[in-house]
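Enquirer: Return a 3D structure for these sequence lines:
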Amino acid sequence: MSNYPALENFLAAYFHQDWRMEHETPGAVVAYYLDNEDAEQVAEVRDDLARLSARDLDETALAQLLRELGSEYDPTLDGATWRDWLAGLRADFG
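Expert: As a prediction, this is how the structure comes out:
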């Protein structure tokens, strides 16, 4: 079982291999999630993001972990780092 079950559910369900067919940008994926999931689920993802952010993982380890959690999005293809993307997610989730 994952140490980040809510985050894993979010990433695997919303940033799956065909996410670009459903949304034009990663931000649109997050906005859709926030608009359609209940507050409790959003809070659980927020908590998982905070716990993950507190870890001192380098880019390689962070990328590997986020991929293992189900993310098919690679922020480096958009000129960002994995740490940048994680920080952006935390900001989006408030």
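Enquirer: Which strands or helices does the lengthiest helix in the chain pack on?
Expert: As assigned by DSSP state H, the longest helix anywhere in the chain is helix 39-54. Secondary-structure packing of helix 39-54 (3 or more CB pairs under 8 Å, 6 or more residues apart in numbering; DSSP states H and E): helix 5-14, helix 82-93. The way it works is simple: take the backbone N, C-alpha and C, and place the C-beta from them, glycine included.
Enquirer: Can you say which of these is nearest to V42?
Expert: When the helices and strands packed on helix 39-54 are compared by CB to CB, helix 82-93 sits nearest V42, at 6.6 Å.
Enquirer: so what's L57 up against?
Expert: If a contact means CB atoms under 8 Å, 6 or more residues apart in numbering, then L57 has L65 as its contacts.
Enquirer: And T25, its phi and psi?
Expert: Note on T25: its backbone torsions stand at phi -140, psi 160 [degrees, to the nearest 10].
Enquirer: what number of residues lie near it?
Expert: For T25, the tally of surrounding residues (other CB atoms under 10 Å) stands at 11.
Enquirer: Quick check: it vs L57, distance?
Expert: Using CB to CB, to the nearest Å, T25 is found at 25 Å from L57.
Enquirer: Read off the pLDDT value for the residue lying closest to W85 once chain neighbours are set aside.
Expert: Counting by CB to CB, 6 or more residues apart in numbering, P75 is the residue found nearest to W85 once chain neighbours are left out, at 3.8 Å. At P75, the pLDDT value in this model is 98.
Enquirer: How about S2?
Expert: 88.
Enquirer: let's have the chain start at 12 instead
Expert: Okay, residue one is now 12; in that scheme the one you just asked about reads as S13.
Enquirer: what secondary structure does it sit in?
Expert: coil (DSSP: H, G, I helix; E, B strand; the rest coil).
Enquirer: List the contacts of it.
Expert: Taking CB under 8 Å, 6+ apart as the test, what S13 contacts is 19, 80.
Enquirer: Now with 6 Å, please.
Expert: Counting by CB atoms under 6 Å, 6 or more residues apart in numbering, S13 makes contact with E19.
Enquirer: That one and D95: what is the separation?
Expert: 23 Å.
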